[in-house]
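[1] sequence and computational prediction follow.
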Amino acid sequence: MSSAAPATLTPTANGVAPVRQPLTRKSLAADHPTWCPGCGDFAVLASFQRTLEKLQYPQENIVLFAGIGCSSRFPYFVNTHGGHFIHGRALPIAAGVSLSRDDLHVFVFGGDGDGFSIGGNHLVHTARKNVRITYIIMDNFVYGLTKKQTSPTSPVGFKTKTDPTGVLDQPINPMRALISSGATFVARSHASQVTHMTEMMERAARHDGFSVVEILSECVEFYPGAFDAANPRKNGAFKLIEEKKHDGSPEDAQRHDPTDEVAAFHLATLPWPGVFGVFYEANRPTKNRLEADLIARSREKTAGKSELQILQSTFARLR
Amino acid sequence: MVSPNFITVSDGDAAPAGQPRSIQDVVIRLAGNSQDGIQTIGGFLARLAGRSDQDVMTYMTIPSTISGGPSIFQVRMGTGDILSAGDRADVLVAFYQHSYEDHIESLRPGGVLLYDNDHVKPNPEDKRFTAIGVPVTSRTIEAVGGAAKDKGKNIFVLGLLARIFQLDVAKLTGLVRERFGGRTEDVVRNALLAFDAGYGYPADNLRDCFFRFEAVQRVSTRPQVTMDGNQALAYGLIAAGVRYGAAYPITPWSTIMEMLRAELPKYGGIFVQAEDELAAVSYALGAAYAGHLAVTGSSGPGLSLKMEALSWAVMAEMPLIVVNVQRGGPSTGLPTSVEQSDLLQGIFGSHGDTPRVVLAPKNVEDCFYIALEAGRIARQYSTPVLILTDQSLATRIEAFDEPDLAGLMVTAKPDLAERGADFKPYPLDRLTRHAPPGTRIASGKFPNVTGLEHDEDGHPSGNPAMHAKMTARRREKIKALGAELALPEVHGDREGEVLLVGWGSTWGPVREAVEHLRQSGRRAGQMHLRHLHPLPSGLDRIFARYRDVFVVEMNDEGLYGFGQLAMLLRARYANPAIRGINKTDGLTFKVSEIVDGVTRHPARNELRVTIPSFSR
């Protein structure tokens, strides 16, 4: 998609070229978030607004969609077009928007339950189809909106209201699941690291394809301290992925090649709390592109005909 | 108007031997296996009838097994309006012994049994029919030769039927060339060889069974087109301006999505095969949100899966067309049979108070027009509109006047005109005019569409009074549509003993039944509903003019003794004259079943399917 373009149109008095005001955090602010004080999602919101400031898309062409969950309230808090859909189906509705309107920048927000549990099938297939969407998953390892039930990323042994003696089932490994599904941009960040989050979001938005950023975002109410192990301010280690610079240096050989799927899998299986950054990045034709090509090929055969003439010739064959 | 559905063969006729007898219409049932290309013969006859300005209606059963298995195709063709596929066949073509045994009772006494005597040994004691044995298999092999084996039997039979019914050979062979023209020259040559062999089969063996259709005066000057109901619906959607959609394959819906997938790119659109039904409706809603008229569709079980998202569409007020090609249920049920048992699911199937628009086409031609009507309502009222068609319409081929496409075709682009500072996505006193993304808003505040209860600006609201007001708003807008709808016309007697009420594909058989009843001296009328929810206002004035009101439906009488529409009409009008004529055998209504239902109705126990003893 196009990058920097002025953001808000201000019509000029003489009706000539309108001048756009740049997008600012102020013009992007909408409802005050309903999250609990201290929720990691506040930082995600701030990072996203900062990302939009950098991208400077036309404001009316930005679309945010979400499913159900605490983090899925996101679209209400950003002043853009958007929608609050049903649980787990934010990806397919956003895919419908993206495929039918190539002029839009489509973002999806959601949590671990929405993305990996009830919407798990859509995550696999949207990744496989490589629909042009940027998906931000705020992963807190617990169901917060419904007050502490087991999530698909809850670690074994974590006590919840639906597993009062501790979680039994093995959690999803989001990075591994996303890479194997065919997502073409897969990154991981932490809500305590605003600069890193913003960088990941910007790269994801600029990626031509289905891009996903999983952000560990703490639920202070139902899973406090869940991500301390990766938070330097809590004596944890925020270990970054060093990406190859292709400079021929000996240390470059040790760096991660994001186009190497096997290496990405290796990073995804590192022990908790693992590493952060871009795990995988590949160029593969988007479904948007493939459908546009299909349309172009179909129209070659009907060159110069109006829609009415195409239908009329079909009916003539059915006489 | 109504053709007699009778030809006479054995009981002596005015025509001298060897001369073709004049007939108005004929019902031919072809029975074989699915790989024999039975449908192909039916398709050729239907297209021929369409091109010859004859009316035509077909009735197909397809086995739900993957390949092989018995298959039938019934075609009724003739002059005048053909309203039903015909209760009994005038001609039965039996390819195998099982075809003969399974279908001989569907042949009316005096009818013609045409059988492949390479495979079929008819009962010699059965003197009810004129039996003509033709070595279809061996003659086809002889004519085509080589490796084709008995492939082409269907075309041989087509030639035979062309001879018997004096059909237009030039037109038929033209159709054969069109049909097979895309393949190798061998295929066309073999097909024509088989056709000629059938047509040239020695006439004296056919025992003077020759017929000719009466000449017809067609009123319309428009050419006829011939297609099945799913085709008519798919092209209707395109004419209605649908350019985007998504679905998941399910019988008998699939052929619509196959066509849209192939056709929409020509119009610059996209049809997505989604990973499941939930994704399908969501994709379509995404296109709707983006400002397009979009479609999703399915059959019964798939519609159930879409219900949650359809509730969202009512709440968020998104325009959407949803097609449900009904089949026998519940669950996987009878995937290749017909039933009208999704009406209440269509109207009430979602959670919450979810007023929704439901329409049903009455015949194949109407599948085209109902799509235009659905598009009009979806746009005007910014709401999902459900089209309830069914398996019998989906696969039935009819000929009808080519629509005036130039006058009907809708082309629309997303409405991205800037909205004023007073823009409200959900105004309490007006219809929603959705602002798709890309639309600038003068106030600088962009709207959210949401499934949460909301205020006029689309902000989530848990205010008790606001929920009551918004619930009323969603109800009142659908009631406003009901008030706009014209009262359906009554066919037949405008007052009298019996009013037959129908919806969907029963239109033809009900109309024929009304004619039968009137010919037998009863004062009977037909009222057919295309708009099922909301109902047009004022139906009670029509009901009041008849002693009995029978609602004819292909669904069960339910726990309280009324079919799904009958229950709705009783709830709406509290009129005890409303009763039902129902059936649940997965087959279309025969005219005689409806007539029987009316004449024997006071003794309903004769007709009701009951289980002799049922205890806990």
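    Yep, that arrived. Keep in mind the model is a prediction, meaning the values are calculated, not measured. Numbers count the residues shown, from 1 in each chain, chains lettered A, B, ... in the order given.

[2] beta partners for the residue nearest the centre of chain A?
    Centre of chain A computed as the mean C-alpha position; nearest residue by C-alpha atoms, centre = their mean is A:Y135, 1.4 Å away. Beta-bridge partners for A:Y135, by DSSP bridges, are A:V108, A:V212.

[3] surely it touches A:P92?
    No: contact status for A:Y135 versus A:P92: not in contact, 12.0 Å apart, counting by C-beta atoms under 8 Å. (Glycine included, C-beta is placed from N, CA and C.)

[4] hey, what's in contact with both of these two?
    A:T126 (C-beta atoms under 8 Å, 6 or more residues apart in numbering or on different chains).

[5] residue of the stretch 201-319 of chain A nearest chain B, please.
    Closest to chain B within the stretch 201-319 of chain A is A:S298: 3.8 Å, counting by C-beta to the nearest C-beta.

[6] buried residues in the helix or strand that that residue is a member of?
    Take DSSP states H and E as the rule and A:S298 turns out to sit in helix A:287-301. Neighbour-count burial for helix A:287-301, counted by 16 or more other C-beta atoms under 10 Å in any protein chain shown, picks out A:K287, A:N288, A:E291, A:A292, A:I295, A:S298, A:R299.

[7] switch these over to CSV; also include pLDDT.
    Formatted as CSV, the buried residues of helix A:287-301 follow (pLDDT from 0 to 100):
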residue, pLDDT
A:K287, 98
A:N288, 98
A:E291, 98
A:A292, 98
A:I295, 97
A:S298, 95
A:R299, 93
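
[8] the helix holding A:S298: what's the following helix or strand?
    By DSSP H and E, the next helix or strand past helix A:287-301 is helix A:307-317.

[9] which one's the longest helix in chain B?
    The longest helix of chain B (DSSP state H) is helix B:464-484.

[10] what does that one contact?
    By C-beta under 8 Å, 6+ apart, the residues outside helix B:464-484 that reach it are B:314-315, B:317, B:353, B:355-357, B:377, B:381, B:383, B:426, B:428, B:431, B:453-455, B:461, B:531, B:533-537.

[11] do that again at 10 Å, thanks
    B:314-315, B:317, B:352-357, B:377, B:380-383, B:385, B:426-432, B:453-456, B:459, B:461, B:463, B:531, B:533-538 (C-beta atoms under 10 Å, 6 or more residues apart in numbering or on different chains).

[12] those: which ones sit near chain A?
    Filtering the contacts of helix B:464-484 for proximity to chain A by C-beta under 10 Å from any C-beta of the partner chain leaves B:M315, B:H454, B:H459.

[13] neighbour-wise, which one of those residues leads?
    Neighbour counts for those (other C-beta atoms under 10 Å in any protein chain shown) peak at B:H454, which has 24 neighbours.

[14] skipping adjacent residues, who's closest to the residue of chain B found nearest chain A in space?
    Here the residue of chain B nearest chain A is B:G286; by C-beta to the nearest C-beta that distance is 2.0 Å. In space, and not counting its chain neighbours, B:G286 is closest to A:G96: 2.0 Å by C-beta to C-beta, 6 or more residues apart in numbering or on different chains.

[15] where does pLDDT dip in the stretch 451-600 of chain B?
    Counting by pLDDT under 70, the stretch 451-600 of chain B shows no low-confidence range.

[16] near chain A, which residues of it are found?
    Residues of the stretch 451-600 of chain B lying close to chain A by C-beta under 10 Å from any C-beta are B:G451, B:L452, B:H454, B:G458, B:H459, B:P460.

[17] okay, strands next: where are they in chain A?
    Under the criterion DSSP state E, chain A carries strands at the ranges A:8-10, A:19-21, A:62-66, A:81-84, A:105-111, A:133-139, A:142-143, A:149-150, A:185-190, A:210-216, A:277-281.

[18] how about the residue of chain B closest to chain A, phi and psi?
    B:G286 has phi and psi values of phi -60, psi -40 when expressed as degrees, to the nearest 10.

[19] show me the contacts for it.
    Neighbour list for B:G286: A:63, A:65, A:83, A:85, A:89-101, A:106, B:244, B:246, B:272, B:292, B:294, B:318 [criterion: C-beta under 10 Å, 6+ apart].

[20] just the ones of these in helices?
    Of the contacts of B:G286, the ones assigned to helices by DSSP H are A:A90, A:L91, A:P92, A:I93, A:A94, A:A95, A:G96, A:V97, A:S98, A:L99, A:S100.

[21] look up phi and psi at B:G496.
    Dihedral angles (degrees, to the nearest 10) for B:G496: phi 150, psi -150.

[22] wait, it touches B:R518, no?
    Yes: using C-beta atoms under 10 Å, B:G496 makes contact with B:R518 at a distance of 9.1 Å.

[23] buried set for the longest helix of chain B?
    Under the neighbour-count criterion of 16+ other C-beta under 10 Å, helix B:464-484 has B:M466, B:M470, B:R473, B:R474, B:K477, B:I478, B:L481 buried.

[24] could you report the separation of the closest residue to chain B within chain A from A:G157?
    At 2.0 Å from chain B, A:G96 is the closest residue in chain A, using C-beta to the nearest C-beta. Here the criterion is C-beta to C-beta, to the nearest Å. By it, A:G96 lies 40 Å from A:G157.

[25] with neighbour numbers in mind, choose between those two.
    Taking other C-beta under 10 Å, A:G96 and A:G157 do not tie; A:G96 has more neighbours (34 against 10).

[26] ok, the more buried one touching B:F271?
    No: applying C-beta under 10 Å as the test, A:G96 and B:F271 come out as separate, 11.3 Å apart.

[27] list residues touching both of the two?
    Here A:G96 and B:F271 have B:Y244, B:G245, B:A246, B:Y283, B:A284, B:A287, B:A294, B:T296 as joint contacts, going by C-beta under 10 Å, 6+ apart.

[28] run the chain-centre distance for stretch A:218-238.
    22 Å (C-alpha atoms, centre = their mean, to the nearest Å).

[29] quick one: mean pLDDT for it?
    Stretch A:218-238 shows a mean pLDDT of 97.

[30] OK, contacts around B:K306?
    By C-beta under 10 Å, 6+ apart, B:K306 lies in contact with B:247-248, B:276-278, B:280-282, B:284-285, B:296-298, B:313, B:322, B:324, B:349-350, B:384, B:386.

[31] one step back: any idea how far the residue of the stretch 201-319 of chain A closest to chain B lies from B:G492?
    Using C-beta to C-beta, we find A:S298 at a distance of 48 Å from B:G492.

[32] if I look at B:S392, how far off is B:A483?
    The gap separating B:S392 from B:A483 is 32 Å, by C-beta to C-beta.

[33] for the stretch 151-300 of chain B, give me the ranges with low pLDDT.
    When residues are selected by pLDDT under 70, those of the stretch 151-300 of chain B lie in B:216-219.

[34] how about the helices in it?
    Here the stretch 151-300 of chain B has its helices, by DSSP state H, counting those that start in this stretch, at B:153-164, B:169-180, B:185-199, B:229-239, B:254-263, B:277-289, B:300-316.

[35] right, so the ones you listed: which one is the most enclosed?
    Mean neighbour count (mean count of other C-beta atoms under 10 Å in any protein chain shown) peaks for helix B:277-289 among the helices of the stretch 151-300 of chain B, with a mean of 31.

[36] next up, phi/psi of B:S299, please.
    phi -120, psi 170.
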